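Undergrad: Pasting the sequence and the predicted model now:
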Amino acid sequence: MNRREAFRGLIGFAAGSPLFGQTAVQPGGDDLMGPVNVHEFEEVAKRKLNKLAYDFIAGGVEDELTLRANREGYNHFYLVPRVMTDVSKVDTSAEILGVKMSAPILIAPTGGKNLVFPNAESVVAKAALASGTLFCTGSGAEVAADGTDRPKWWTNTTGHANKEAASNYVRRVEDRGALGITVTVDNQYQSNRDRNNRNRFDYGYMATGVPKAGEVRKPRSPALPAMWQPHTPDLTWDYIDWVKAATKLPVILKGILSPEDARIAVDRGVSGIVVSNHGGRQLDGAIATIDALPDVVDAVAGKVPVLMDGGIRRGSDILKALALGAKAVLVGRAPLWGLGAFGQPGVERVLWMLGAELKLAMALAGMKDLASIDRKLVKRL
Ligand SMILES: Cc1cc2nc3c(=O)[nH]c(=O)nc-3n(C[C@H](O)[C@H](O)[C@H](O)COP(=O)(O)O)c2cc1C
């Protein structure tokens, strides 16, 4: 028996069990059997990527307190599993604002994907389609109008200067088939990212990729002077009114940490909230998202779905977020590590892995579907 046959045998065994029926076929096949988890995908991507690009993706802001807290936050929460429930079938399927998904895992908006892979926005869109995942485009990016291979997608914006620009934007993304508009609200200024400053990174590379050895490029937006660069310093709740007046699509606010803001957002009529600190890339010292989540969920009181992102690398991280009241999670860096390691199949594999880990964690916690999960499943220690 060669390695491929042995692998098929292993998967065949798993496929025979009801639990793994839907998740037996691993995207990418055994050629990708190197990394066995998201952390190891990061290691492969790190080896393949230019240091400037790796640091841009992996890094946070200043001392990276929030970046670390996002990961460490999950370690405060322990699962209190139930037993003797029938988990011979486990259903991870979810529906968020009318979009059905096989698992409550969305691709977060990430700009600068071209630092990782050529034409990356479209490559990740294809991976999302193949994985049945909702894809949120990076700020400023849109899924092509004429593409036949469009996934279900939400668009992402950090705002527009006036009402007219906002409504033109809304019309365009509606025409292109977006199913929701996410507005990122924690991006008032370019932040102070030590790794980019140290590397003499230029934000111009986000569109083009880093220069090749010996290539000289005119500076466009060098990191250090860009730290105070205004993005949306005058963005206020009026913007939400403009967008809502222009569209019937759900408007989802991304970057909420305070329960007060969550309450205002609901009063302003948003359709959903994403608890997020931009992956630790904006305000250092901002609270970890898993710690902010329960208060936001309480403030929203079930009026709109609350999603969250930040630091998710394992299915059990997702289970903790669901237990604390998130309806779904978004993953930012995880698919980028898949992309950097193996291109489109790597993204699919990472998404598959997170879904499979979540399903198994649910089974071992005695939860047969998302509706069975509640706060009693976690204890903060
Ligand atoms: C390289 C990179 C680029 C990002 N670009 C955007 C963006 O354009 N718009 C946005 O709202 N968030 C952006 N984010 C934040 C992500 O949407 C998400 O909140 C964060 O990555 C979640 O944390 P995680 O990477 O630990 O999963 C970016 C994050 C990364 C890592």
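TA: That came through fine.
Undergrad: The residue in the chain that the ligand sits nearest to: how many residues sit nearby?
TA: The ligand sits closest to G332 of the chain, with a gap of 2.0 Å, by C-beta to the nearest ligand atom. C-beta coordinates here come from the backbone N, C-alpha and C atoms, glycine included. By other C-beta atoms under 10 Å, 21 other residues sit near G332.
Undergrad: What parts of the stretch 151-300 of the chain come near the ligand?
TA: 156, 184, 254, 276, 278-279, 281 (C-beta under 6 Å from any ligand atom).
Undergrad: repeat that for 8 Å
TA: Taking C-beta under 8 Å from any ligand atom, the part of the stretch 151-300 of the chain that reaches the ligand is made up of 156, 158, 182, 184, 186-187, 254-255, 274, 276-281, 289.
Undergrad: how is the protein carved up into domains?
TA: As assigned by automatic domain parsing, the chain contains the domains 1-33, 37-380.
Undergrad: can you give me how far the longest one is from the chain middle?
TA: If you compare the mean C-alpha spot of domain 37-380 with that of the full chain, they lie 3 Å apart, counting by C-alpha atoms, centre = their mean, to the nearest Å.
Undergrad: thinking again about what came up before, for the residue of the chain closest to the ligand, what are its contacts?
TA: 108-110, 279, 309 (C-beta atoms under 8 Å, 6 or more residues apart in numbering).
Undergrad: how about 10 Å then?
TA: 57, 107-110, 136, 138, 276, 278-279, 281, 309-312 (C-beta atoms under 10 Å, 6 or more residues apart in numbering).
Undergrad: Then G140?
TA: Counting by C-beta under 10 Å, 6+ apart, G140 makes contact with 109, 111, 121, 155-158, 206-207.
Undergrad: One more: F77?
TA: Each residue near F77 by C-beta under 10 Å, 6+ apart is listed here: 290-291, 294, 316-317, 319-321, 323-324, 377-381.
Undergrad: now do A323
TA: For A323, the contacting residues are 77, 79-80, 293-294, 365, 367, 373-379, by C-beta under 10 Å, 6+ apart.
Undergrad: Buried only: go through those for me.
TA: By neighbour count, with 16 or more other C-beta atoms under 10 Å, the contacts of A323 hold 77, 79, 293-294, 365, 367, 373, 377-378 as buried.
Undergrad: Would you convert those into a markdown table that also reports secondary structure?
TA: A markdown table is the format used below for those (DSSP: H, G, I helix; E, B strand; the rest coil):
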| residue | secondary structure |
| --- | --- |
| F77 | strand |
| L79 | strand |
| L293 | helix |
| P294 | helix |
| A365 | coil |
| M367 | coil |
| I373 | coil |
| L377 | helix |
| V378 | strand |
